[in-house]
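Participant: A structural model of the following input is requested.
(chains A and B)
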Amino acid sequence: MTTSKRTKSLSLTTSKDTRLANLFPFGLVLPAVVILALVQIYPTLYSLYLSTTRMRAGKLTSVGIKNFERLLASSDFFESLQRTVVFAGSYLILTVVLGLILALLLNRRSALTPVYLVMVFIPWVLSDVVSGTIWRWMFNQSYGLIQVALNPLLDNKSILSNNDTAMMVVIAASVWRTLAFTALLFLGALQTIPGEVLEAAALDGANRWQSFWRVTFPMMRPTLLVVILITSIRGINSLGLILSTTSGGPGAGTTTAAVYLYRTAWQFGDFGVAAAMAVFLFIVNLILTIFYLRVVRVENNL
Amino acid sequence: MISSTAQKRIDAILNHALLIIFSIVMIFPIAYALMTSFKTRGDVITSPPTFFPPTWTLEGYQKVWESDMLTHYLPNTAKNSVLSSLVTVPLAALAAYSFSRYKFRGSVALQVAILGLMMIPGLTNLIALYQMGSQLKLLSTTTIMVVVYTAGGLPFTIWIIKGFFDAIPRELEEAAFIDGCSPLQALWYIVVPLARPGLFAGFLMMLVDTWNEFLAAVILLSTNDSRTAMAGLYDFQSSFQVAYHVQTAACIIIAAPVVISFILGRKVFFQAMLEGALKG
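Facilitator: Numbering: from 1, shown residues only, chains lettered A, B, ... in the order given. Below you'll find the predicted structure:
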């Protein structure tokens, strides 16, 4: 009796073992996958559902595609999209150009390199609200140091009270906060370029300008693509820093689509239309992410 | 024509000069905030403004001390931040070990999906999370923040840790398997100790990200008892108006832990960021 039971359980464990062995790697990822499914994937689908509803007397009622119709008919929404293009476009160009310059400067090693790296990196570890509070203060109408310094050039016009200059401030603040990260990515790519390649180019008579454009730049192209995609997504979804620097003002002067989404939901309480905007922005993000995945998959043989 | 050694000399000087300019521009706003935090209320609203405080005072810090910042907001931030980092890192390590060591059906698809989630920002999910939180009566709780931060941080943390696991040779574990170790024992006794810098990097990045997080905190937490430091600082903008010595003092207090840990652990930070964005 005991023996037979033992053999039985023994044979059971062997077959169970192989099955378990097959399930084991999946079991390891399961907790992470469950959390991501519940708190990342499900809310995205739920947003899609919310975008077809409206809150009436405390209850969600289905309204079909009315929220999207209202959104497309709203000039405020289109203006906010235009501001997103201006904001994200300028942010992208400045970040890539300045980030590349900073990386090239840092790539020339010296005893001071670690000091420079820490100095330029500190803004990156500050939060959006801390950064926003500081920039708001520098440009304070009456007592801000930069505002007062620029007064002679601007006929004492308040920088944050003018749409165009307020937009420039939030762009500058955003570039300032994330520049070092971009430079670090470029620096990583620069360091993978073998010194011999550049020496060979120099021996062939290439000057530094030529060797940058013909050797360094082509070798950095994958990184450049990744940086462009990461920076575009960041710019399009940038909200915390703009809110805490200008609150989207003056008026709607720095109200990008992301800020408009926030205002629509939490200032006007129109969650249906805000969800429609979230769906729209999500699709934009998804398209950029698919491009990103293509680049990264080629690089990593995934 | 300039000799090549002279040219090299000029290049080096120019390089340093430009880097010094970059460093000054990057540090200036922080230095100005630091100086402002030591000014008196009167010196903050003086025109024309000065960079250095004419009289040094701790008035701003004292006002922060009297507010709910140190008694409520910062402890809340620390609690959310530490708890979600403690939950995220082990879960991420298990998943990273699986991706690093096993090939199973759907493994590549899952890794690509996780990379995709890493790129897509949380902004577009906030409305749904707010509605879900309100239905489940979880708004203004630590639970919702830990869950949301964990889900937000997992993809990036998995990726960082996987990079470190990939660099550990498999032979060590294979030897352990021959000695009768189970895969989980091999992970715990061999891989985890060797990948300690990677786990530390993941933990540190999580701590900084969640410490600094603002949008989810301001949207999902509405009571004063649950408010975090970032949301509290945002409220200071209206409650302290032009009293920027108080606002900047709060900025310095809130930013100091992160800036100090960055300076101490910068190597780990740099490696983790390169790992997370590119190798991934």
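Participant: Now the residue minimising distance to the centre of chain A: closest residue in space that isn't a chain neighbour?
Facilitator: Central residue of chain A (C-alpha atoms, centre = their mean): residue A:234, 2.3 Å from the mean position. Distances taken as C-beta to C-beta, 6 or more residues apart in numbering or on different chains put residue A:178 closest to residue A:234, at 6.7 Å, once the chain neighbours are dropped. (Glycine included, C-beta is placed from N, CA and C.)
Participant: so who does the one you found touch?
Facilitator: A:95, A:124, A:231, A:234 (C-beta atoms under 8 Å, 6 or more residues apart in numbering or on different chains).
Participant: so how far is residue A:123 from it?
Facilitator: Distance of residue A:178 to residue A:123, computed by C-beta to C-beta, to the nearest Å: 8 Å.
Participant: what does the average pLDDT come to for the strand or helix carrying residue B:130?
Facilitator: If you go by DSSP states H and E, residue B:130 is part of helix B:126-135. Average pLDDT, helix B:126-135: 93.
Participant: which residues sit against that helix?
Facilitator: A:39, A:42-44, A:46-47, A:50, A:261, A:265, A:271, A:274-275, A:278, B:138-139, B:144, B:148, B:215-216, B:219-220.
Participant: what's the angle from the helix or strand that residue B:151 is a member of to helix B:126-135?
Facilitator: According to DSSP H and E, residue B:151 maps onto helix B:142-166. On the basis of axes from the mean of the first three to the mean of the last three C-alpha atoms, to 10 degrees, helix B:142-166 is oriented at 130 degrees to helix B:126-135.
Participant: list the helices and strands the worst-scoring helix or strand of chain B on mean pLDDT packs on?
Facilitator: The weakest-scoring helix or strand in chain B, judged by mean pLDDT, DSSP states H and E, is helix B:266-274 (a mean of 80). Helix B:266-274 sits against helix A:113-125, helix A:163-190, helix B:196-212, with contacts defined as 3 or more C-beta pairs under 8 Å, 6 or more residues apart in numbering or on different chains; DSSP states H and E.
Participant: Of these, give the one that comes closest to residue B:89.
Facilitator: helix B:196-212 (5.1 Å; C-beta to C-beta).
Participant: Which residues in the closest one does the neighbour count mark as buried?
Facilitator: By neighbour count with 16 or more other C-beta atoms under 10 Å in any protein chain shown, helix B:196-212 contains the buried residues B:198-199, B:201-212.
Participant: Now do the contacts for residue 44.
Facilitator: Reading this off chain A. A:282, B:124-125, B:128.
Participant: You answered for a different chain; I wanted chain B.
Facilitator: Residue B:44 neighbours (C-beta under 8 Å, 6+ apart): A:143, B:36, B:242-245.
Participant: now it: how far from residue B:53?
Facilitator: In terms of C-beta to C-beta, residue B:44 sits 9 Å off from residue B:53.
Participant: what's the span of stretch B:119-126, first residue to last?
Facilitator: End-to-end span of stretch B:119-126 (C-alpha to C-alpha, to the nearest Å): 16 Å.
Participant: Distance from it to the middle of the chain?
Facilitator: What separates the centre of stretch B:119-126 from the centre of its chain is 17 Å, taken as C-alpha atoms, centre = their mean, to the nearest Å.
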